[in-house]
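Engineer: Starting from these lines, generate the structure:
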Amino acid sequence: MRQFILTALMMIVNNYNTNNMKNFHPYNGTTEKSNVANQIQTKKRHILTLIYISLILFLPKNILAQESTILKINGERDTFSQEIESLQQINADELSSLLFNINPTAYIESESIKITADDGRPVSKIIIQDAESIEVLKTNDTRLQKVKLIQIKLKDVSELSQPLDFSTLENTNRLKYIYLQCSFNCTDTDIKSYITETAPGTVILYSNSTPL
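Structural biologist: Numbering: from 1, shown residues only. This next block holds a predicted model:
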């Protein structure tokens with residue numbers, strides 16, 4: 001989308017440049033031609049600057065940002081390493097440990113938080129038992145500042161109708177991974193519509209508990 005807009009704007013600039021070049025008269029002097037050419041280049045730079053500013057101000061953040069990676073997994077440790085082979089940008093050992101090993105975890109259910117971390121290690125994982133409790137993450141809780149993985153359990157397809165914008169959530173500065181456990185058949189398209197914005201490079205995993 002962004003590339004399409006940039007291409008269209010560049011075509012406008014090039015068309016502007018071409019039309020101005022027509023102002024060159026074959027009998028104009030070299031100095032006059034040089035002055036006109038310099039004026040065209042200056043105006044062209046001004047237009048490019050305005051285009052750049054317009055992109056920053058008016059394009060949606062999710063267009064400007066690097067797209068998140070979305071990957072379907074089956075949620076089993078035995079096949080996980082093969083399923084993420086294509087994701088070269090992630091730390092496979094770290095992600096596998098967060099998903100399948102015992103970590104300091106915050107369990108959120110019925111809008112309350114229960115933390116299992118009695119060894120002094122910071123909470124690295126959040127498990128949200130019901131979609132309604134996601135609202136809890138909009139409050140600032142210093143105990144969750146180093147969370148790397150958020151796991152959300154979706155029980156019904158109707159829950160996808162309430163898009164989730166992670167830019168509105170607190171304590172997600174270090175978030176790298178989002179894992180959606182669907183108790184129904186969901187698709188990449190469903191996930192893209194449900195999670196509308198994340199930090200650049202965030203990896204989104206999802207699994208279905210029922211076969212296709």
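Engineer: hey, let's count contacts and neighbours off CA atoms from now on
Structural biologist: Fine.
Engineer: Lowest mean pLDDT among the helices and strands of this protein, which one is it?
Structural biologist: Within the chain, no helix or strand scores below helix 61-64, which has a mean of 39 by mean pLDDT, DSSP states H and E.
Engineer: immediately after it, which helix or strand?
Structural biologist: Going down the chain from helix 61-64, the next helix or strand is strand 69-72, by DSSP states H and E.
Engineer: Run through the neighbouring helices and strands of that next one.
Structural biologist: helix 188-194, strand 203-208 (3 or more C-alpha pairs under 8 Å, 6 or more residues apart in numbering; DSSP states H and E).
Engineer: contact partners of it?
Structural biologist: In this structure, residues lying in contact with strand 69-72 by C-alpha atoms under 8 Å, 6 or more residues apart in numbering are Ile84, Asp188, Ile191, Gly201, Thr202, Val203, Ile204, Leu205, Tyr206, Ser207.
Engineer: Tell me the first helix or strand C-terminal of it.
Structural biologist: Per DSSP H and E, the first helix or strand lying C-terminal to strand 69-72 is helix 77-83.
Engineer: could I get that next one in PDB with only the CA atoms?
Structural biologist: C-alpha atoms of helix 77-83 as PDB (Å, rounded to 0.1, in the frame of the first residue of the first chain):
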ATOM      1  CA  ARG A  77       6.600 -28.700  21.300                       C
ATOM      2  CA  ASP A  78       7.500 -31.600  19.100                       C
ATOM      3  CA  THR A  79       6.800 -29.800  15.800                       C
ATOM      4  CA  PHE A  80       7.400 -26.300  16.900                       C
ATOM      5  CA  SER A  81      11.100 -26.000  15.700                       C
ATOM      6  CA  GLN A  82      10.100 -27.100  12.200                       C
ATOM      7  CA  GLU A  83       7.100 -24.700  12.100                       C
END
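Engineer: for it, packing partners?
Structural biologist: Packed next to helix 77-83, using 3+ C-alpha pairs under 8 Å, 6+ apart, are helix 92-100.
Engineer: can you count the residues close to Thr189?
Structural biologist: When neighbours are defined as other C-alpha atoms under 10 Å, Thr189 has 9 of them.
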